[in-house]
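>>> got a sequence here, can you build the structure:
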Amino acid sequence: MVELKTNVLYYGDNLEVLRKYIPDESIDLIYLDPPFNSNRSYNVLFRESSGASSEAQIEAFEDTWQWGPTAQGAYEEVVMGPHQKVARMLQAMVDGLGHNDVTAYLSMMAIRLVELHRVLKPTGCMYLHCDPTTGHYLRSLLDVVFSPRNFRNEVVWQRTSAHSDTTQGMRRFGRTHDLILFYGKSEASAWNSQFSLYSQDHLATTYRFVDENGRRFSTADLTANKPGGDTSYEITAPDGRVVRPYKGRYWAYSRDKMRRFIDEGRIFWRKTGMPRLKLYADDMPGVPLQDVWTDIYPIGAGAKERLGYPTQKPLALLERIASASSNPGDIVLDPFCGCGTAVHAAHKLGRRWIGIDITHLAISLIRRRMQDAFPGIEIEVIGEPVDLAGARELAQRDKYQFQWWALDRLGAQPVSGKKKGADKGIDGVIPFFAGPKEDYKRVIVSVKGGEHVNVAMVRDLKGVLEREREPVGLLLTLAPPSKDMVTEAAAAGFYESEFWGRKFPRVQILTIEEMLGGKRPDIPWGKAPFAKAPLEKEKGEQGRFQ
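As a prediction, the model looks like this:
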């Protein structure tokens, strides 16, 4: 039996992680926002310490779900597997649409949806966030995985305001919404009703009275047709009149309850002397939430919670989902956790959580986000290298993931993606303040994950420093440097900083083994070059009007 760990991040393919680490019927709530758009790359932007944008967008997840051996393998596994209703639906889609990006995506999703259904508790729920491009196909798959009777809602979230594409020749209505497909595992799935704010028109017409404290209220009848206990008595109005219910009616509340209403100022006295009960607008829960959400706005360019992840969802959106379909202490899983909004919301609301992502850039971004928002939090990352052997294995499997992992461990900002030649010899930078006259400078970082390094790599780094007019360069290597490399680096001399009051070796070499052992390069460290998540003050349920 696998021991389920919570408040952890997994680096790796979520299909493998689900099968290896997540037991049957162990998860209370699943939220997933699987990327699909064949014309877009999914990027992370990193901010310089100066507050300026970095000069490169870093590829955190390239949408490579195209029809090929991986998609073909997923398709065959579904078709030959035990879930034949899912197999027949997927076959029909592939037969009808052909072998293309859409059916590759659906094949990859089908096998994962089966696993996600397996790990949900009978009381669990799943929310799948998508757009109209593939939403109708995904709903068909979900109907056969979960059964149509367990469909709850197709939520429409207005993610942006109106587009002005008409002047550019657009021949359709503007596309401004996402879909969130909501399914339960069974009829017993968890549910907590959610409410939204009353409109100003509703407040003005329904709660038209305002008390001395500025609170809006309406009034309700205090009489009833049938007697029920101590409901036939007299009360005295403020002007001294003695009041009884109208003929044939009784008070709706007992004498003690009525006295308490009077003492609390909850009685509205009509000119006739007849009392009515005050119903305050701010005591009401609000309007029961419907399946069209227009009250949660996308994250603006200047918003504090923006981390630069282009598909980042508002925290309020995930708080609403977590509040509706889970309770404190429950376990929330996000198998495509991206920049970590779902795990952030879960932790804030007192839920336990599990996040999975296939890139080290996303994992490192989530780790920093959670540590910024919840100081002192301890986050275990399962699947990333913790020793030299693990680093070697990652370098052999995927040089870009190795590079991004190494830069993250170092605390450097990645600047290059997967396009050949795009890095111009720069894999990462560490900005630092060089003084009022020079403002910000950068330590240039070059990562080498091969088993062999040579002196030419040091010379190349020196050339980059000259070209970029930067003071310090760092060569981060998997293999130990040769004696010639050490000599060549030493010959580069020193960067002397008046502001820092000391000298720094101009070219330095640090091995992965040394870094894992705690050694740091001798450089002028500045502030972290990454966007910071706002500090969360306390945990608690989402406010009903957030």
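
>>> tell me, how many residues neighbour residue 325?
A count of nearby residues for residue 325, using other C-beta atoms under 10 Å, gives 26. For glycine as for every other residue, the C-beta is placed from the backbone atoms N, C-alpha and C.

>>> roughly how far does it sit from residue 311?
22 Å (C-beta to C-beta, to the nearest Å).

>>> what's the helix or strand for the residue lying closest to residue 390 once chain neighbours are set aside?
Setting aside the residues directly before and after it, residue 390 is nearest to residue 384 in space (C-beta to C-beta, 6 or more residues apart in numbering), at 7.6 Å. Under the criterion of DSSP states H and E, residue 384 resides outside all helices and strands.

>>> surely residue 384 and residue 11 touch.
Yes. Counting by C-beta atoms under 8 Å, residue 11 is a contact partner of residue 384 at 4.7 Å.

>>> now the helices for the stretch 401-546 of the chain?
Taking DSSP state H, counting those that start in this stretch as the criterion, the stretch 401-546 of the chain contains helices spanning 455-468, 483-490, 512-516.

>>> closest one to residue 184 among those?
helix 512-516 (45.0 Å; C-beta to C-beta).

>>> now do the closest one: everything it contacts.
Applying C-beta atoms under 8 Å, 6 or more residues apart in numbering, the external contacts of helix 512-516 come out as 386-388, 391, 406, 409-410, 476-478, 480.

>>> again, 10 Å this time
Helix 512-516 is contacted by residues 385-388, 390-392, 395, 402, 405-406, 409-410, 447-449, 476-480, 519-521 when judged by C-beta atoms under 10 Å, 6 or more residues apart in numbering.

>>> if we can go back for a sec, now do the shared contacts for residue 384 and residue 11.
Joint contacts of residue 384 and residue 11 (C-beta under 10 Å, 6+ apart) are 360, 363-364, 394, 401, 405.

>>> among these, which lie within strands?
Cross-referencing these against strands under DSSP state E gives no overlap.

>>> on that earlier part again, contacts only, for the residue nearest to residue 390.
9-12, 360, 363-364, 367, 390-391, 394, 401, 405, 408-409 are the contacts of residue 384 under C-beta under 10 Å, 6+ apart.

>>> filter these down to the buried ones.
9-12, 360, 363-364, 367, 391, 394, 401, 405, 408-409 (16 or more other C-beta atoms under 10 Å).

>>> with distance to residue 514 added, can I get those residues in CSV?
Formatted as CSV, the buried ones among the contacts of residue 384 follow (distance: C-beta to C-beta, whole Å):
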residue, distance to residue 514
9, 25
10, 27
11, 22
12, 26
360, 20
363, 23
364, 20
367, 22
391, 12
394, 17
401, 21
405, 16
408, 16
409, 11
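
>>> switch the residues you listed over to JSON lines; also include pLDDT.
As requested, those are arranged in JSON lines below (pLDDT from 0 to 100):
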{"residue": "9", "pLDDT": "97"}
{"residue": "10", "pLDDT": "97"}
{"residue": "11", "pLDDT": "94"}
{"residue": "12", "pLDDT": "92"}
{"residue": "360", "pLDDT": "87"}
{"residue": "363", "pLDDT": "92"}
{"residue": "364", "pLDDT": "88"}
{"residue": "367", "pLDDT": "92"}
{"residue": "391", "pLDDT": "95"}
{"residue": "394", "pLDDT": "94"}
{"residue": "401", "pLDDT": "90"}
{"residue": "405", "pLDDT": "94"}
{"residue": "408", "pLDDT": "90"}
{"residue": "409", "pLDDT": "92"}
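
>>> quick one: residue 6 from residue 157, how far?
The value you get for residue 6 to residue 157, if C-beta to C-beta is used, is 27 Å.

>>> more neighbours: which of those two?
residue 157 (21 against 15).

>>> shouldn't residue 365 be in contact with residue 341?
No. Assessed by C-beta atoms under 10 Å, residue 365 is found out of contact with residue 341, at 11.0 Å.

>>> ok, residue 110 - contacts?
Residue 110 touches 74-75, 77-79, 81, 83, 86-87, 89-90, 93, 137-138, 141-142, 144-145, counting by C-beta under 10 Å, 6+ apart.

>>> narrow these to just the buried residues.
74-75, 78-79, 83, 86-87, 89-90, 93, 137-138, 141-142, 144-145.

>>> please, which helix or strand holds residue 229?
Secondary structure from DSSP H and E places residue 229 outside every helix and strand.

>>> burial measure for the spatially closest residue to it that is not a sequence neighbour, as a count.
Distance criterion C-beta to C-beta, 6+ apart; nearest residue to residue 229, sequence neighbours excluded, is residue 254 at 5.9 Å. Around residue 254 there are 14 other residues, counting by other C-beta under 10 Å.

>>> ok, now residue 356?
27.

>>> who does it form a beta bridge with?
Counting by DSSP bridges, residue 356 is bridged to residue 10.

>>> ok, it - contacts?
Contacts of residue 356 by C-beta under 10 Å, 6+ apart are 8-18, 21-22, 32, 333-337, 362-363, 382-383.

>>> same thing but at 7 Å, please
Residues in contact with residue 356, defined by C-beta atoms under 7 Å, 6 or more residues apart in numbering, are 10, 14, 17, 335, 337.

>>> okay, it: pLDDT?
The model reports residue 356 with a pLDDT of 97.

>>> what's the answer for residue 63, then?
50.

>>> just want the most central residue of this structure.
Computing the C-alpha centroid of the chain and ranking residues by C-alpha atoms, centre = their mean puts residue 341 first, at 1.8 Å.

>>> that one and residue 380, how far apart?
Applying C-beta to C-beta to residue 341 and residue 380 gives a distance of 20 Å.

>>> and if you look at residue 31?
21 Å.

>>> may I have the host helix or strand of residue 18 exported as CSV, CA atoms only?
Assessed by DSSP H and E, residue 18 sits inside helix 14-21. Output in CSV follows, covering the C-alpha atoms of helix 14-21 (Å, rounded to 0.1, in the frame of the first residue of the first chain):
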residue,chain,number,x,y,z
ASN,A,14,1.5,13.1,-14.0
LEU,A,15,0.4,9.8,-15.4
GLU,A,16,3.5,8.1,-13.9
VAL,A,17,3.1,10.0,-10.6
LEU,A,18,-0.6,9.1,-10.3
ARG,A,19,0.1,5.4,-10.8
LYS,A,20,3.2,5.3,-8.5
TYR,A,21,2.3,7.6,-5.6
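
>>> domain ranges for this structure?
8-59+118-194+288-382, 200-283, 389-516 (automatic domain parsing).

>>> do me a favour and get the end-to-end distance for the last one?
To tie it back to what came earlier, the one meant is domain 389-516. Start and end residues of domain 389-516 are separated by 11 Å (C-alpha to C-alpha, to the nearest Å).

>>> ok so, going back, the helix holding residue 18: what's the following helix or strand?
Per DSSP H and E, the helix or strand that comes after helix 14-21 is strand 27-32.

>>> touching that next one from outside, list them.
Taking C-beta under 7 Å, 6+ apart as the rule, strand 27-32 contacts 116, 119-121, 124-129, 190, 318, 321-322, 325-326, 330-336, 342.

>>> list only buried entries from the residues you listed.
Among the contacts of strand 27-32, those scoring as buried are 116, 119-121, 124-129, 190, 318, 321-322, 325-326, 330-336, 342 (criterion: 16+ other C-beta under 10 Å).
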